[in-house]
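K.L.:
Sequence first, then the predicted structure, then my questions.
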Amino acid sequence: MEPTKTPPATESSESGATAKAAESAGKDFRTMSGKPVKASYGPEDVKGDAAVKIGEPGQYPFTRGPYESMYRGRNWTMRQFAGFGTVEETNERFQYLLEHGQTGLSTAFDMPTLMGYDSDHARSLGEVGREGVAVDTLDDMEVLFQGIPLDEVSTSMTINAPAAILLAFYVLVGERQGVSPEKLAGTIQTDILKEYIAQKEWCFPVEPAMRLVTDMVEYCTEEMPRWHPISISGYHIREAGSTAAQELAFTLKNGFTYVERAIERGIDVDDFAPRLSFFFNAHIDFFEEIAKYRAARRIWARELKETYGAKKPESMRLRFHTQTAGVSLTAQQPLNNIVRTAIEALAGVLGGTQSLHTNSFDEALALPTEEAVRVALRTQQIISHETGVTSTADPLGGSYFVEALTDELEAEAYDYFRRIDELGGMVEAVRQNFPQREIGEAAFTFQRELDDGERTIVGVNRYQHEEEEVPLLHIDPALEQRQVERLQKTKTERDSAEVEAALAELKRVAEGDGNLMYPITTAARARVTEGEMVEAMQEVFGTYTETPVF
Amino acid sequence: MSAVAEPPVEHKIRVVVAKPGLDGHDRGAKIIARALRDSGMEVIYTGLHQTPEQIAETVIQEDADAIGVSILSGAHMTLVPKIVELLEAQGVDDVLITVGGTIPTKDIEALKEMGVSGVFTPGSPTDDIVEFIRNGVTKDRKLD
């Protein structure tokens, strides 16, 4: 739909949109990515050698799933993303989720932590503990995981630009608990390319940021065999407004870029590729989402084998975490979000996810309450234990429609790969705002279709009614002050000569080409703050300023 | 509405679309920026991670008629009052202030008391926002 220069008369815009939606209902059959959908599909829609490209679960090209027995062998990890307020409050939420049957932890850090600012920085004002938990120093990290045995529970940490610093904190908390790095299991996001593309939390320019990522891959390959050093994330790309096909294409291309950097560093692809994992969105277009995961596995397997020379099947086997689409949740009639989330979660499961986060119904309004989180977790448990969909691997494999959609999404991803290569690769494409522009375009098109009533969102542009209030989580504004006080306490108690020496060493290594994980760990041990480390590296690397496009 | 009906004094509405604070969720801000531009307004998008000071400065320098502040981090009750105060301190009292994002109902009233004219939460049709700004500016701004 081409946007018009003058908006239509709006006195009755809502009823106008409704009328138009009603009129067009049943006419336009497309997936959310805009792919035309036929009235029915048959054998003629599955082209090529089906036995080869679809294959069997657990076998190359892994279209039907990374493991032969799938959920019979092992259920997905129920990993609810949590983090708010101070480390004590988040620790309590962690304990609550573990008591209710969650099987892994997933940590949300607040905006200042994601951006590399300490809680007492002027830029942090009003943001501390709001969208996640504030972590400034090793002391904070220790409290965050107090009473949680790091050798038993695997932890995922959503942190990117300053990921190396948070990983060092985590390793040292393990050390204090008597758990050595090689025993620590979990995932740290570290996907910096998608930050420039979508999530927009950065500390450094692209090249030094890529170096930090590669340093972490190298460090984890050597020291942390059970750890996933990068979770290549399409989630935020989708949330920023991309189509399913764009999410697939940009995420995989980012993944290939990390693989190339590690190979250039001299690391054998089979030594690190098995520890790379993915993070995809589960949006509401059910079959398209399932096809997206299946296409992702097939493309990754093929490229790792044929382009990057992987020999081990584990290197070719794409495993992923899924989160239901936050952006699909509506502030209107929030209970409807339980239904949306259930359908999206089911798509993730039928698509063969290894780990799942289901959003809470109140998240379009605020951070989730305990009740909302519990319903979200129960949604996973119901799918797992009651529906029977876990009894067989890839139950939709061989569905004419799903196989045809898988092929189409794969083809569109390759089309994007070619366009990105023509621009000089992903780093260059990001610099030129190519993915940003494509995503912005898709987001805008989606919104226009919604405004015009060509798309329906229940409770938003159809079936509206007056709202009842739902109880929301309240974040105590005083927590910021408490966090700042805690930070100051750490600062006064530490050895300042040790801090200075650690920062000087960090800068020295940053200026050269040594692996930054080691001086970062030394600094973390001396209780240098995250912000101080980021500033020291920024003195060498500079900062990043976006040229926004819209 | 009157902008369409009266051709002689063609005032192109200037809107600053601003992303204060640290959150990187710029989808809504960019959609609004584009919808406003497509409707014939002049849009100055500040980009991400702006301080209230930077935003107030942009509004003044650009002689904006309206400002759309987009916040999804929950920091609206800290950041919006600062922007309002900074504008007032500079004697700017005729800029239409709108806020968009994840804003709980109880905060909407408080924001309006502070001088925010419109608050748009997720699901607001873009055309409503465009019209709100067009009408608000035509009514409030001393056009010459």
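P.N.:
Arrived safely.
K.L.:
Can you give the distance of the host helix or strand of residue A:92 from its chain's centre?
P.N.:
Residue A:92 is part of helix A:87-99 when elements are defined by DSSP states H and E. Centre-to-centre, helix A:87-99 and its host chain are 21 Å apart (C-alpha atoms, centre = their mean, to the nearest Å).
K.L.:
Show me what that helix is packed up against.
P.N.:
Helices and strands touching helix A:87-99, by 3 or more C-beta pairs under 8 Å, 6 or more residues apart in numbering or on different chains; DSSP states H and E, are strand A:81-82, strand A:105-108, helix A:138-144, helix A:370-386. Quick note: C-beta positions are derived from backbone N, CA and C, even for glycine.
K.L.:
State the mean pLDDT of the top helix by length along chain A.
P.N.:
In chain A, taking DSSP state H as the definition, the longest helix is helix A:400-422. Averaging pLDDT along helix A:400-422 gives 98.
K.L.:
CA atoms only for the very next helix or strand once past that helix, dumped as PDB, please.
P.N.:
Sequence-wise, the next helix or strand downstream of helix A:400-422 (DSSP H and E) is helix A:426-431. C-alpha atoms of helix A:426-431 as PDB (Å, rounded to 0.1, in the frame of the first residue of the first chain):
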ATOM      1  CA  MET A 426      27.300  -7.500   6.500                       C
ATOM      2  CA  VAL A 427      29.600  -5.100   8.400                       C
ATOM      3  CA  GLU A 428      29.600  -2.800   5.400                       C
ATOM      4  CA  ALA A 429      25.800  -3.300   4.800                       C
ATOM      5  CA  VAL A 430      25.200  -2.200   8.400                       C
ATOM      6  CA  ARG A 431      27.400   0.800   7.900                       C
END
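K.L.:
wait, doesn't residue A:550 sit right on residue B:46?
P.N.:
No. Using C-beta atoms under 8 Å, residue A:550 is not in contact with residue B:46; the gap is 11.3 Å.
K.L.:
How about the secondary structure of residue A:360?
P.N.:
With DSSP: H, G, I helix; E, B strand; the rest coil as the basis, residue A:360 sits in coil.
K.L.:
next one: residue B:70
P.N.:
Here residue B:70 is strand, with the state taken from three-state DSSP.
K.L.:
Identify the bridge partners of it.
P.N.:
With DSSP bridges applied, residue B:70 shows beta-bridge pairing to residue B:100.
K.L.:
any idea how far it lies from chain A?
P.N.:
In this view, residue B:70 and chain A are 12 Å apart by C-beta to the nearest C-beta, to the nearest Å.
K.L.:
Next, the buried residues of the longest helix of chain A.
P.N.:
Residues of helix A:400-422 classed as buried by neighbour count (16 or more other C-beta atoms under 10 Å in any protein chain shown): A:401-410, A:412-413, A:416-417, A:420.
K.L.:
helix or strand right after the lowest-mean-pLDDT helix or strand in chain B?
P.N.:
Using mean pLDDT, DSSP states H and E, helix B:2-5 stands out as the lowest-scoring helix or strand of chain B, at a mean of 51. Downstream of helix B:2-5, the first helix or strand assigned by DSSP H and E is strand B:14-18.
K.L.:
I figured residue A:375 hits residue A:338, correct?
P.N.:
Yes. Between residue A:375 and residue A:338 there is a contact at 6.0 Å, judged by C-beta under 8 Å.
K.L.:
shared neighbours, those two?
P.N.:
Common neighbours of residue A:375 and residue A:338, using C-beta atoms under 8 Å, 6 or more residues apart in numbering or on different chains, are residue A:361.
K.L.:
in chain B, what spans have low per-residue confidence?
P.N.:
B:1-10, B:139-144 (pLDDT under 70).
K.L.:
mind redoing it with 90?
P.N.:
Applying pLDDT under 90 to chain B flags the ranges B:1-11, B:23-25, B:72-75, B:93, B:102-106, B:121-123, B:138-144.
K.L.:
For the longest helix of chain A, output the C-alpha coordinates as CSV.
P.N.:
The C-alpha trace of helix A:400-422 is given here as CSV (Å, rounded to 0.1, in the frame of the first residue of the first chain):
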residue,chain,number,x,y,z
TYR,A,400,3.0,-29.5,1.2
PHE,A,401,2.3,-26.0,2.5
VAL,A,402,5.0,-26.0,5.1
GLU,A,403,7.6,-27.4,2.8
ALA,A,404,6.7,-24.9,0.0
LEU,A,405,6.9,-22.0,2.5
THR,A,406,10.2,-23.3,3.8
ASP,A,407,11.6,-23.3,0.2
GLU,A,408,10.2,-19.8,-0.4
LEU,A,409,11.7,-18.3,2.8
GLU,A,410,15.0,-20.0,2.0
ALA,A,411,15.0,-18.5,-1.5
GLU,A,412,14.3,-15.0,-0.2
ALA,A,413,17.1,-15.4,2.4
TYR,A,414,19.6,-16.2,-0.4
ASP,A,415,18.4,-13.2,-2.4
TYR,A,416,19.3,-11.0,0.6
PHE,A,417,22.6,-12.8,1.0
ARG,A,418,23.5,-11.8,-2.6
ARG,A,419,22.4,-8.2,-2.0
ILE,A,420,24.5,-7.9,1.2
ASP,A,421,27.5,-9.5,-0.6
GLU,A,422,27.2,-6.9,-3.3
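K.L.:
Could you single out the most deeply buried of the helices and strands packed on helix A:87-99?
P.N.:
Comparing the helices and strands packed on helix A:87-99 by mean neighbour count (mean count of other C-beta atoms under 10 Å in any protein chain shown), strand A:105-108 comes out on top with a mean of 24.
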